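Trainee: please find the sequence and the predicted model below.
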Amino acid sequence: MNRVHLLPSLDAHAHFRPGRTPAELAPAGAVLAMTGSLDEAAQAVGRRDALVAWGVGCHPRVPRAQAGFDRDRFAGLVARTAIIGEIGLDSGARIPLDTQLRTFRAALEVVAELPRVVSIHSYRATGLVLEELRRRPVAVPVLHWWTGTAPETRLAVSLGCYFSVHSQVARRSQFRTAVPAERVLVESDHGWADPPAAIPCRVEWVEHLMGQQLRLDAAQVRRLAWRNLGALVDQTGVRELLPPGMAAILDRVAAETVPPVAKQMPLPTG
Ligand SMILES: [Zn+2]
């Protein structure tokens with residue numbers, strides 16, 4: 001946290017080894033931490049970090065994770081956390097799409113019963129992911145590192161999707177023309193082997209890039225991201241499952257009297 005920001009950085013999609021110590025994770029700020037497999041998730045969801053919320057995931061690019069997916073085990077882990085991720089589809093992966101689809105559909109069935117904040121991977125599969133979300137609507141899908149076309153983006157907005165924006169895609173015009181500011185989160189997709197302390201800098205860079213798109217300063221983008229996470233938590237009813245520090249910040253942001261920051265843009269209809 002620097003002097004400009006009254007709120008810690010909020011990273012909506014990063015990867016940590018579940019064996020990291022709380023001291024190692026402390027400089028990372030607030031993070032929605034993804035797992036790649038149910039084994040990894042089983043280690044992670046029992047942790048009690050102040051600002052790191054751990055997800056239950058089955059990554060579409062990890063063969064062992066896909067082979068080991070079990071719907072009941074997934075549901076049991078999901079019951080213990082506010083976040084699901086990383087799940088999704090990837091047509092560039094060497095895992096057959098049928099296998100990926102079986103996992104993704106089973107996961108969405110669970111989310112339909114247990115609403116959660118769901119971080120979704122869609123590399124080279126943006127249309128396919130949207131098709132699945134249309135078949136099985138869930139609360140609440142967050143499209144991570146989104147690369148869809150403008151029509152796909154408008155469809156995603158109409159399906160209720162949020163977007164966690166990575167620096168590699170933050171300059172895409174869709175985030176200015178098709179996505180309401182109220183649907184934006186910021187992410188690093190920081191990797192397992194990367195130092196957690198680098199996350200606040202990476203998040204701040206995305207905040208500057210998104211600030212250009214939304215005509216806000218970086219501190220306003222940060223506040224917006226916290227408010228948007230608050231809306232996701234309200235929609236899914238998972239507040240009690242959040243780390244205490246994160247829940248306290250959401251309460252503080254919700255109580256603020258600062259007028260909401262919103263882009264002057266009507267919601268797309270198509
Ligand atoms: Zn990821």
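Mentor: Great, that's in hand.
Trainee: neighbours around the residue in the stretch 101-250 of the chain that the ion sits nearest to, how many?
Mentor: The ion sits closest to Asp189 of the stretch 101-250 of the chain, with a gap of 4.6 Å, by Cβ to the ion. Just so you know, the C-beta spots here come from the backbone N, C-alpha and C atoms, and that holds for glycine as well. By other Cβ atoms under 10 Å, 21 other residues sit near Asp189.
Trainee: Met210 and Ser164 touch, don't they?
Mentor: No. Counting by Cβ atoms under 8 Å, Ser164 is not a contact partner of Met210; they are 10.9 Å apart.
Trainee: what sits in contact with each of the two?
Mentor: Taking Cβ atoms under 8 Å, 6 or more residues apart in numbering as the criterion, Met210 and Ser164 both touch Val186.
Trainee: quick one, which of the two is more surrounded?
Mentor: Taking neighbours as other Cβ under 10 Å, Met210 and Ser164 compare with Ser164 leading, 30 against 26.
Trainee: any idea how far Asp90 lies from the ion?
Mentor: 11 Å (Cβ to the ion, to the nearest Å).
Trainee: confidence score at that residue?
Mentor: On the pLDDT scale, Asp90 is placed at 98.
Trainee: in contact with it, which residues?
Mentor: Taking Cβ under 8 Å, 6+ apart, one finds 60-61, 100, 121-125 in contact with Asp90.
Trainee: and it, that's in a helix?
Mentor: No. In this structure, Asp90 is coil, not part of a helix, as judged by DSSP: H, G, I helix; E, B strand; the rest coil.
Trainee: low-scoring stretches of the protein, by residue?
Mentor: Flagging of the chain using pLDDT under 70 yields the residue ranges 1-5, 258-270.
Trainee: tell me where it has strands.
Mentor: 10-15, 30-34, 52-56, 83-88, 117-121, 141-144, 162-165, 184-186 (DSSP state E).
Trainee: how about JSON lines for those, with distance to the ion added?
Mentor: Output for the strands of the chain, formatted as JSON lines (distance: least, Cβ to the ion, whole Å):
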{"stretch": "strand 10-15", "distance to the ion": "6"}
{"stretch": "strand 30-34", "distance to the ion": "5"}
{"stretch": "strand 52-56", "distance to the ion": "10"}
{"stretch": "strand 83-88", "distance to the ion": "5"}
{"stretch": "strand 117-121", "distance to the ion": "6"}
{"stretch": "strand 141-144", "distance to the ion": "6"}
{"stretch": "strand 162-165", "distance to the ion": "10"}
{"stretch": "strand 184-186", "distance to the ion": "13"}
